[in-house]
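[1] Predicted structure and sequence below. I'll ask about it afterward.
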Amino acid sequence: MALDRFYATGKRKTAVARVWLTPGTGKVIVNQLDAETYFGGTFKTPKIEKPFQVTDTADKYDVMATLRGGGKSAQVEALAHGISKALLDVDSENRIPLKRSGLLTRDPRVKERKKYGQKAARAKFQFSKR
C-alpha cells in the first residue's frame, strides 16, 4: 500500500468526485482528460486551485479524479470538496484553513422531488372552487 497516495470523495448535488492526490507538479486529470479540456476553459480552475492556495500546497500534488453525475458546475464544486478532504488526509494541520474558507462543508442543496397530484415539487395545479 502506497503511503504517498491520498483518496477522498467530494459531493455536490448529484455530482460525485473520487479524488486521488499524489506528490507531483500540480497536474489535474479528470476522467482521463486535462481539467481545462474536460471543463472547457479556464473559468473553472480558480475553484479547483482554491484548496491548494488556502493550504499553501500549490504545485505540490497531482490530482487524478473521476467525476460522475450532475452538471459541470456541480462537478467542479464536488472536485474542490474532494481535493479539500484529501488535503485533510495529507496533513491534519490543513483543517483550520480549509474549514475557515468553507471548503470542507458539503453543500446539501438538492433538487426537491415532484409530488403526486401536483404540477411540480412545489407548484400546484390551479384550484377552482366552482
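    That came through fine.
[2] Which secondary structure state does residue 8 sit in?
    strand (DSSP: H, G, I helix; E, B strand; the rest coil).
[3] Write down the beta-bridge partners of it, one by one.
    On the basis of DSSP bridges, residue 8 is bridged to residue 19.
[4] what sits against it?
    19, 21, 82-86, 88-89 (Cβ atoms under 8 Å, 6 or more residues apart in numbering). Using the backbone N, CA and C atoms, a C-beta is placed for each residue, glycine as well.
[5] and what of residue 44?
    So residue 44 contacts 35, 72-73, 76 (Cβ under 8 Å, 6+ apart).
[6] do that again at 7 Å, thanks
    For residue 44, the contact set (Cβ atoms under 7 Å, 6 or more residues apart in numbering) comprises residue 76.
[7] Retrieve the pLDDT associated with it.
    pLDDT for residue 44: 75.
[8] what helix or strand is the spatially most central residue of the chain on?
    Closest to where the C-alpha atoms of the chain average out (Cα atoms, centre = their mean) is residue 78, at 1.3 Å. Using DSSP states H and E, residue 78 maps to helix 72-90.
[9] In that helix, which residues are buried?
    Buried positions in helix 72-90, judged by neighbour count with 16 or more other Cβ atoms under 10 Å: 74-88, 90.
[10] after that helix, next one along is what?
    Trace forward from helix 72-90 with DSSP H and E and the next one is helix 95-100.
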